[in-house]
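Visitor: turn this into a model:
(one chain, ligands or ions: 1)
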Amino acid sequence: MGRKVKFGIVGTGEIAKMHAEALKGMSNAVLVAVYDKVEERAQSFAASYGVRALSSFDDFLNDPDIEAVTIATPTGIHAEVAIPVAQAGKHILCEKPLDVTLEKADSIIHACSQNKVFLASVFQSRFARSVQAIKNAYDAGRFGKIVLASTQVKWYRSQEYYDSAGWRGTWALDGGGALMNQSIHTIDLLLYINGDPSETFGYCGILSHENIEVEDNLCAVVKYQNGSMGTIEVSTSCAPGFPRRLEISGTNGTAVMQDDQIICWNFVDNNDSDASILAECGAGEGLHGGSGDPMAIGHAGHRQQLSDLAEAIINNREPFLPGTEGRRAVKFICGIYESCRTGQPYKFEED
Ligand SMILES: NC(=O)c1ccc[n+]([C@@H]2O[C@H](COP(=O)([O-])OP(=O)(O)OC[C@H]3O[C@@H](n4cnc5c(N)ncnc54)[C@H](O)[C@@H]3O)[C@@H](O)[C@H]2O)c1
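Guide: Here you go, the predicted structure:
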């Protein structure tokens, strides 16, 4: 039997269940321990999965059995947890968003690089077959000159969702609303497929929820570094929640993805591979985005991420989605927020 990387989880709330489910039965990774600042929560989680609960963060950090850690705490606490984990020499899979500001995201990347541990960012949608098909067609130049790259995320989160934990809907711990929390996956796909933005202009507002600081609706226009343009429309007000859409159009073709299904795949030079791509990607893989329920996402994508990080550790290679990729999405989103705040277009600085 091959080697299994031993994982621990910090933060045993909702998404941690996906991590633990994903780790069940994996050939190259296994869950061994968990920690939560609410001890009873960690204990009952540990009992459900037959693993150890550590009663202090220091005990977790000093546990020699834990080689890699998934960070599943509220977003604004990711750096606070990740930096000591890196200093303890443990590799990291950090939930999205990497943290709530670029400075905090950078502090995680820096700590991991200083301590020579791998950092992988969670964006489970990237592993979908449809995303890979669009990315391959893009890289092969099949779209021609890219002109438009857009997304629509008309999702729904109830008032109870925002009320369910004190950190939700706050700038300090959630880092933003419909864009930063819910739509960051699709923002990552735009970046992954079409590259970085050069300029943006946005409007946002709180239109249907109470007692939240962050936006529940946002619209932005974007110019990309490759010369293309696009729109971003996101919401957590659209009951009951609709599949997210991603559209890439060039002078020679257009692809439209709805959740993980390709619903339009049309090129000027359609070829023999297109029928099989449509057959493979038209039905999707059941990797739903959580349009109305944050936990209705399945754990297949997380399993691929965990497996990739385990392989990276075993073979000493970079993970497929390193921390720098998580940073790109935070940079894009913070730029849109800055435009919304100032009422002016925001120009992205080159790194
Ligand atoms: N990849 C996805 O699709 C996806 C989906 C949902 C949430 N998330 C992300 O996962 C993270 C957690 O979200 P959630 O919905 O599971 O939150 P949650 O509130 O359900 O769980 C967070 C847990 O972290 C614990 N915690 C808080 N501070 C801590 C600390 N300093 N040390 C240890 N534990 C601490 C809390 O007690 C709680 O149990 C967020 O960053 C969120 O954006 C990702």
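Visitor: and the nearest residue to residue 90 once chain neighbours are set aside, what does it touch?
Guide: Computed as Cβ to Cβ, 6 or more residues apart in numbering, the closest residue to residue 90 that is not its neighbour in sequence is residue 69, at 5.0 Å. For glycine as for every other residue, the C-beta is placed from the backbone atoms N, C-alpha and C. Residue 69 makes contact with 7, 8, 9, 10, 85, 90, 91, 92, 93 under the criterion Cβ atoms under 8 Å, 6 or more residues apart in numbering.
Visitor: please flag which of these sit within helices.
Guide: residue 85 (DSSP state H).
Visitor: where do the strands sit along the stretch 1-150 of the chain?
Guide: 5-10, 29-35, 52-53, 68-71, 91-94, 119-121, 146-154 (DSSP state E, counting those that start in this stretch).
Visitor: where's the shortest one relative to the chain centroid, distance-wise?
Guide: So the one you mean is strand 52-53. Mean-position distance between strand 52-53 and its chain equals 27 Å (Cα atoms, centre = their mean, to the nearest Å).
Visitor: could you name the helices and strands sitting against it?
Guide: With contacts taken as 3 or more Cβ pairs under 8 Å, 6 or more residues apart in numbering; DSSP states H and E, strand 52-53 sits against strand 29-35, helix 39-49.
Visitor: same question for the first one.
Guide: The elements that strand 5-10 packs onto, with contact taken as 3+ Cβ pairs under 8 Å, 6+ apart, are helix 14-23, strand 29-35, helix 57-61, strand 68-71, helix 300-315.
Visitor: can you list these in TSV and add distance to residue 102 and mean pLDDT?
Guide: Formatted as TSV, the helices and strands packed on strand 5-10 follow (distance: least, Cβ to Cβ, whole Å; pLDDT from 0 to 100):
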stretch	distance to residue 102	mean pLDDT
helix 14-23	23	97
strand 29-35	27	98
helix 57-61	25	98
strand 68-71	18	98
helix 300-315	22	96
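Visitor: check these for me and report the most buried one.
Guide: Greatest average neighbour count among these goes to strand 68-71 (a mean of 26), per mean count of other Cβ atoms under 10 Å.
Visitor: that strand pairs with which strands, parallel or anti?
Guide: As defined by DSSP bridges, the strand partners of strand 68-71 come to strand 5-10 (parallel), strand 91-94 (parallel).
Visitor: got those as a markdown table, with mean pLDDT columns?
Guide: Listed next are these as a markdown table, based on pLDDT from 0 to 100:
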| stretch | mean pLDDT |
| --- | --- |
| strand 5-10 | 98 |
| strand 91-94 | 98 |
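Visitor: these: which one's closest to the ligand?
Guide: The closest of those to the ligand is strand 5-10. By Cβ to the nearest ligand atom, the value is 5.1 Å.
Visitor: is that closest one anywhere near the ligand?
Guide: Yes: contact check for strand 5-10 against the ligand, using Cβ under 6 Å from any ligand atom: residues in range are residue 10.
Visitor: gap between that strand and the chain center?
Guide: Here strand 5-10 is found 19 Å from its chain centre; the criterion is Cα atoms, centre = their mean.
Visitor: report the buried residues of that strand.
Guide: 5, 6, 7, 8, 9, 10 (16 or more other Cβ atoms under 10 Å).
Visitor: my read: residue 71 touches residue 80, true?
Guide: No: Residue 71 lies out of contact with residue 80 (Cβ atoms under 8 Å); the separation is 9.8 Å.
Visitor: with respect to the ligand, which of the helices and strands packed on strand 5-10 lies nearest?
Guide: Here helix 14-23 is closest among the helices and strands packed on strand 5-10 (Cβ to the nearest ligand atom), at 3.6 Å.
Visitor: any residue of that closest one touching the ligand?
Guide: Yes: residues of helix 14-23 contacting the ligand under Cβ under 6 Å from any ligand atom: 14, 15, 16.
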